[in-house]
Each structure stands twice: as structure tokens, then as C-alpha cells.
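> got a sequence here, can you model it:
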Amino acid sequence: MFMRLPQVCELTGLSRSRIYEKMARGEFPRACKLGARASGWVRAEVERWAAARIAERDAEHPGQVAAQPGEQRTPAAPAAGRQTRKPR
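Purely as a prediction, here's the structure:
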């Protein structure tokens, strides 16, 4: 249910300082106090934030196909009758 900071950093690819900057600007889920010296993030909130970033990326580049792990993103197949450039 809760994620500690190292898990959040690993899931998002963001640094500790970037997470706190985004929280201060209201661009990232807020942490919950778990104790006097411990905070954690609700896993579902962090996962929704990450999914929203993916959705934004896909909306900005609708003609690209998402890559599988270890592959590069490639353009989608061209529409019928449309010519494409030859690779160099």
C-alpha cells in the first residue's frame, strides 16, 4: 500500500530532490506521515501519476508505437498510399 522514497525513485526514475520539487508545485502525489520520522507514498497514487505521464506522451505522439523493454520506439506503419522516406 505504501512506498518509501527509494521505491518511489525507482518506479518513477526521478531523484529525491525532483520528487520533492514536484510535490511542492503540486505536480506529484504528496507523501503521508507514517510515523515521527517516516513518510510514504500511496502506491496507487504514484502509479496513477506514472500512467498519466505515459498517456501524455502517447497523446503528444499518437503515430508512434510504444517499445517493448529493451527496444527503441518506432513510428507506426504509414497509412495506405502514403510514401515514406528511405533510411540512410
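
> ok, and what's touching stretch 39-52?
The contact list for stretch 39-52, computed with Cβ atoms under 8 Å, 6 or more residues apart in numbering, reads 1-5, 8, 11-12, 28-34. Every residue, glycine included, has its C-beta placed from N, CA and C.

> I meant stretch 22-32, not that one.
Contact with stretch 22-32 is made by 2, 14, 19, 39-42, 45-46, 48-49, as judged by Cβ under 8 Å, 6+ apart.

> out of the residues you listed, which end up buried?
Buried by 16 or more other Cβ atoms under 10 Å: 14, 19, 40-41, 46, 49, out of the contacts of stretch 22-32.

> pull the most distant pair out of those.
Largest separation among those by Cβ to Cβ: Leu14 and Gly40, giving 15.8 Å.

> mind listing what's buried in whichever strand or helix holds Ala44?
Taking DSSP states H and E as the criterion, the element that holds Ala44 is helix 43-60. Within helix 43-60, the residues scored as buried using 16+ other Cβ under 10 Å are 46, 49.

> for that helix, give the mean pLDDT please.
Computed over helix 43-60, the mean pLDDT rounds to 95.

> kindly export stretch 33-45 (C-alpha atoms) in CSV.
Extracted as CSV, the C-alpha positions of stretch 33-45 are listed here (Å, rounded to 0.1, in the frame of the first residue of the first chain):
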residue,chain,number,x,y,z
LYS,A,33,3.3,10.7,7.5
LEU,A,34,3.8,7.1,8.7
GLY,A,35,5.5,8.0,12.0
ALA,A,36,7.6,10.6,13.7
ARG,A,37,10.4,10.2,11.2
ALA,A,38,8.9,8.2,8.3
SER,A,39,6.9,9.1,5.3
GLY,A,40,5.5,7.1,2.5
TRP,A,41,3.5,7.5,-0.8
VAL,A,42,0.3,5.7,-1.6
ARG,A,43,1.4,3.2,-4.3
ALA,A,44,-1.8,3.6,-6.3
GLU,A,45,-1.4,7.4,-6.4
